[in-house]
Every structure is written in structure tokens, then in C-alpha cells.
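predicted model and sequence follow; I will ask about them next.
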Amino acid sequence: MTPRFHSQPASQGLGMTSQRARDRMIERLRAEGGINDERVLTAMRTVPRHLFIDEALASRAYEDTALPIGNGQTISQPWVVARMTAALIENGLPQRVLEVGTGSGYQASVLATLGLETYSVERIEELLRVARRRFRNLGLNVRTKHDDGRAGWPEYAPFDGIIVTAGAAALDQALFDQLPEGGTLVAPIGAANGQRLLRIRRVEGELVREDLGGVVFVPLLPGTL
Ligand code: SAH
């Protein structure tokens, strides 16, 4: 049996999971997606997205679409990952970043590849177990915790970057308490069927909000599984 996360999967020969496929995804993000942050494009060219989804779907890894990862969850669409990452680092590269919603581990891997000290919290243990294996196999240093990430990760706070990858009507005060002066939080906020991607920065003590457009995310849910 072919190991699931073998570094050279059998499908590589078909070209659908090759570096060329990844390069094409990057060119689409740039040309059609309007993503022009070279740091983000380089990181996404480096991280093999096909290793973050089930082998049965690997041939679709470099399409610009969200894909199921089990437990009713999805790996975010590449354009959304690029947009959120670019928004997070636009005003300066944060040193320490918290992600709420590890999911497949793809977004966290992009952050770690950018050289950020990355912390990620996931409420579904089964997803986190698989994500941790991916980080290990790729040699990425992502610190993870199985917990309800709505409370952030106080032990390692403050985080000068916080990225929430599940949608909620509002965020708990706990997350803002872990955002220092000059820090940036990016999160989808709004109704279950569609949210606004917000960037919230702490500037001279005040929280300043910017609306970056409409997005659709799976819901931020309470408790752990
Ligand atoms: N960033 C992920 C996207 C995963 S989808 C990736 O790159 O693949 C959103 C994830 O958020 C799901 O895995 C879901 O289980 C998780 N999630 C939802 N509510 C959460 C909460 N309160 N705390 C932590 N994780 C949560």
C-alpha cells in the first residue's frame, strides 16, 4: 500500500500534483486573483497543497477551490489563503502568529513557511492529529493545541498576528485581549451563509476595522470534539 503522505506520491507522475501545477496556481492567483505579495506567492509555491487533502482528491489540489477534509470541514480555497495571508502581513511581518482553526494544516504551513512563529488551535482532535503528521513530514515547526480556539492561546499571548479561519457572528473579547498594540487580526465575521473578511488592527489602543470583502467559511463552533 502506498503511504498516504509519502513525499513522492504515485500521482506525481501524472503531473497534477507537480511543481508545474503549483506554479500555474500561483500565476492564476497573480493574474486573476490580484494577489501581488511576492512573499505570499513564494510561500504558496513552496507548500505542496496536495499533501493536505485526501489522495482521492489530490488531482484537484491546485484548482482554486475549497475541498472537503473530513469531519464536515474544508481546506480553504487558495485565493482565500493568499488574501488572508497578504492582509495579515501587509503592514509588516508579524513575529508570532495565532491561527484559530488548523483544519488540514495548510494555512498554518504557509505561515510557518513565511518564517513566522506559528501557533494553531483546532477543536476537532482527528483533524489535528493528521495536520500534526503533515507538519512533521514537511519539517515545519507549528505549535498546535486541541482546544476551543475562541479563547485564543493565553499562555503564548500576545500574538502580533491572529488569523481566524472559521466564520462567526462575532469574536470573543479573549482574542482581542491577546492582540497587542500594532497587532493585526484577520477574520471572517458575519452570518453563517456568508461573512465579511475583516482586518482589525490595534492602533494607539483603538481597534481599527477594515472590510476586505465577502467570503464564505465553515462556522466557528464552541467546544471540542
Ligand atoms: N485553516 C484551515 C481551514 C480549516 S476550516 C486549513 O488551512 O485547512 C476551519 C477549521 O476551523 C475547521 O477545521 C474547524 O474544525 C475549525 N474550528 C471551528 N471552530 C473552532 C474553534 N472554536 N476552535 C478551533 N477550531 C475551530
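Cool, got the structure.

the ligand contacts on the chain?
73-76, 100-101, 103-104, 106-107, 121-124, 127, 148-150, 165-166, 218, 220-221 (CB under 6 Å from any ligand atom). (C-beta placed from N, C-alpha, C; glycine too.)

in strands, which of those residues fall?
73-75, 100, 121-122 (DSSP state E).

among the residues of the chain next to the ligand, which ones are buried?
Buried by 16 or more other CB atoms under 10 Å: 73-76, 100-101, 103-104, 106-107, 121-124, 127, 148-150, 165-166, 218, 220, out of the residues of the chain next to the ligand.

mind checking how far stretch 124-134 is from the chain centre?
14 Å (CA atoms, centre = their mean, to the nearest Å).

want to throw the ones in strands among the residues of the chain next to the ligand into a markdown table with pLDDT?
Shown next, in a markdown table, are these (pLDDT from 0 to 100):
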| residue | pLDDT |
| --- | --- |
| 73 | 97 |
| 74 | 96 |
| 75 | 97 |
| 100 | 98 |
| 121 | 98 |
| 122 | 98 |
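
now these in a markdown table, with distance to residue 225?
Formatted as a markdown table, these follow (distance: CB to CB, whole Å):
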| residue | distance to residue 225 |
| --- | --- |
| 73 | 11 |
| 74 | 16 |
| 75 | 18 |
| 100 | 15 |
| 121 | 13 |
| 122 | 10 |
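
what confidence value was assigned to the spatially most central residue of the chain?
Taking CA atoms, centre = their mean, the centroid of the chain lies closest to residue 107, which sits 2.5 Å from it. Here, the pLDDT recorded for residue 107 equals 98.

for it, give its distance to residue 55.
20 Å (CB to CB, to the nearest Å).

just to revisit the earlier point, contacting residues around the residue nearest to the centre of the chain?
Contacts for residue 107 (CB atoms under 8 Å, 6 or more residues apart in numbering) come out as 76, 81, 84-85, 99, 163, 165.
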